[in-house]
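Asker: Fold the following and give me the result.
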Amino acid sequence: AAAAAAAAAASAVAAAAAAEGGGGYFGGGSAFVEIPGQYAPYSANQIDTKPAPELNAKLIRFESKVDVIRRTDGQQLVRRIGMVGSDGKIHRFLLQFAVSYLTRTDERTAQVHHLLDKLLRKGYLASQRNLSVQSTAVVPIAQRLRMTSDDLASCSLDEVYRLECHARGISPDAPSSFCKDEVAKGMQQINVGIETPTIGSSGTNVARREKEESVKIEVYKKVCNMVKPNILFRHVEVALNGPEALFCFRKAFSGQLAVNSLLQYAFNVTERTPSKFLFNLRNAQIIAADFRLAYNNQGLLEGNKVPFRMTRNIETLLGPSMVEGSFIPAMVSVSSAASSMAQDIYSALCLLLRDDIMSWYTSKSVPRSDEKNQELERQLAERIVKNVSLVQSRLKDCAPNVTQTTTELIDSKVRNLLATATAPEVLWKATP
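Answerer: Have a look, this model is predicted:
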């Protein structure tokens, strides 16, 4: 009976595929609308074969309920719609207003993640740890409107923090207001205690900067006493069913965080605010929302003071065992897979960074003709090469160096980055 049911289901699928893809009953599939985000780079194909549109999920209907949620630090209201597919799943998307430059940047981010996922499948160490990365589908609808794939199990650090504040009956803006007031008082005391610097008085300027940093570090430590370091851990613990599920989540989360952290460091991604740090409670996937590269005035990727986001709550969720046994080895494995194929991905990185810096320049100036854009591309060629070299050098530095003759650990670079990202002297510089 089971074999007969399976044969019937297989024949039904084959008949439907033939009817749609082979010019069947409804004009070769023209009457069907596919669910967006089922092609590369948004959908990972383990064998990299030719796409099969006849097997993709088709739109049956829209959900009658439209959710309105807050994103971007609670300052933007977005609508979430649901598309019921022929595969029996509900595919949800956010309707967001965004300029075309940001939409194109998100498309390039998806291409970077898709390229890295291919490298992870070919890397020996990464394959052993089952490391993978999935990009977020971004579908432009109009010039300033787009759809972004979403999941009900996705949440951000900002949402977790606001839920904790609501349960305790306190204002979520209290720490930020306290920080601003205390820093303002400290700066006022410094202005009273130090005379106005004269021209050429470099010693006074250095002393002033040191006192300003000491004031901000002290304020940061006071804010840490106001915000508990285990908010994220308790939220995940309550959401999951038992210690076994929690262990599996932490292990998968540490691998996903390692991939995301390495990309933040290599591509100099800044502004990783709590509202932009999204993760999925169901599969521990980290969603790279608003993954923006930071350039200086000359169009070069400059060094970031904070290599990646590793705050106290994230570190508490991982725990010492996962940091040492999963996060650091996973980060080394990803960098090893990427650096071992540096020559193969060089051209792809040049194209991606070329498109990104061209969009960055054009977004800051009036529209230009094609000839002027070509001239601008020739002028930026040297900077593109420098940016690609910087990205590849950072990936190579994090890879294990088994040929070194020193007594340092082969993952010493990753450990130094982790120590820098978790140091209080650096964390106060990060975006709260």
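Asker: Please make it C-alpha for all contacts and neighbour counts, starting now.
Answerer: Noted.
Asker: got the contact list for R354?
Answerer: Contact partners of R354, counting by CA atoms under 8 Å, 6 or more residues apart in numbering, are 377, 381, 384.
Asker: What number of residues are in the vicinity of the second one?
Answerer: Okay, so that is A381. A381 has 12 neighbours, counted by other CA atoms under 10 Å.
Asker: Now the lengthiest strand in the chain: buried residues?
Answerer: Identified as the longest strand of the chain according to DSSP state E is strand 76-85. By 16 or more other CA atoms under 10 Å, the buried positions in strand 76-85 come out as 78, 80-85.
Asker: Turn the residues you listed into JSON lines, columns for distance to R61 and pLDDT.
Answerer: Converted to JSON lines, those look like this (distance: CA to CA, whole Å; pLDDT from 0 to 100):
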{"residue": "V78", "distance to R61": "21", "pLDDT": "88"}
{"residue": "R80", "distance to R61": "15", "pLDDT": "93"}
{"residue": "I81", "distance to R61": "11", "pLDDT": "94"}
{"residue": "G82", "distance to R61": "9", "pLDDT": "94"}
{"residue": "M83", "distance to R61": "6", "pLDDT": "93"}
{"residue": "V84", "distance to R61": "5", "pLDDT": "92"}
{"residue": "G85", "distance to R61": "7", "pLDDT": "90"}
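Asker: which stretches of the stretch 151-300 of the chain have low pLDDT?
Answerer: 193-204 (pLDDT under 70).
Asker: Within the sheet, what are the partner strands of the very next helix or strand once past the longest strand of the chain, with directions?
Answerer: Tracing the chain past strand 76-85, the next element assigned as helix or strand by DSSP states H and E is strand 90-97. The strands beside strand 90-97 in its sheet (DSSP bridges) come out as strand 76-85 (antiparallel), strand 145-150 (antiparallel).
Asker: residues near Q128, how many?
Answerer: 12.
Asker: I misspoke; the intended subject was Y265.
Answerer: 20.
Asker: That one contacts K305, doesn't it?
Answerer: No: at 10.0 Å, Y265 does not count as touching K305 under the criterion of CA atoms under 8 Å.
Asker: Distance of G303 relative to D397?
Answerer: The gap separating G303 from D397 is 14 Å, by CA to CA, to the nearest Å.
Asker: Next, the residues that contact the longest strand of the chain from outside, please.
Answerer: 35, 57-63, 65-71, 90-96.
Asker: chain center to it: distance?
Answerer: 21 Å (CA atoms, centre = their mean, to the nearest Å).
Asker: do the same with stretch 238-251
Answerer: On CA atoms, centre = their mean, the centre of stretch 238-251 falls 22 Å from the chain's centre.
Asker: List the buried residues in it.
Answerer: Result for stretch 238-251 [16+ other CA under 10 Å]: buried residues 246, 249-251.
Asker: before we move on, the earlier item: list buried residues within the contacts of strand 76-85.
Answerer: For the contacts of strand 76-85, buried by 16+ other CA under 10 Å: 35, 57-60, 71, 90-96.
Asker: Pipe those into CSV and attach pLDDT and distance to S347 per row.
Answerer: Formatted as CSV, the buried ones among the contacts of strand 76-85 follow (pLDDT from 0 to 100; distance: CA to CA, whole Å):
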residue, pLDDT, distance to S347
I35, 90, 31
A57, 87, 33
K58, 88, 35
L59, 89, 37
I60, 89, 41
R71, 72, 35
I90, 92, 38
H91, 93, 34
R92, 93, 34
F93, 93, 33
L94, 91, 33
L95, 90, 34
Q96, 86, 32
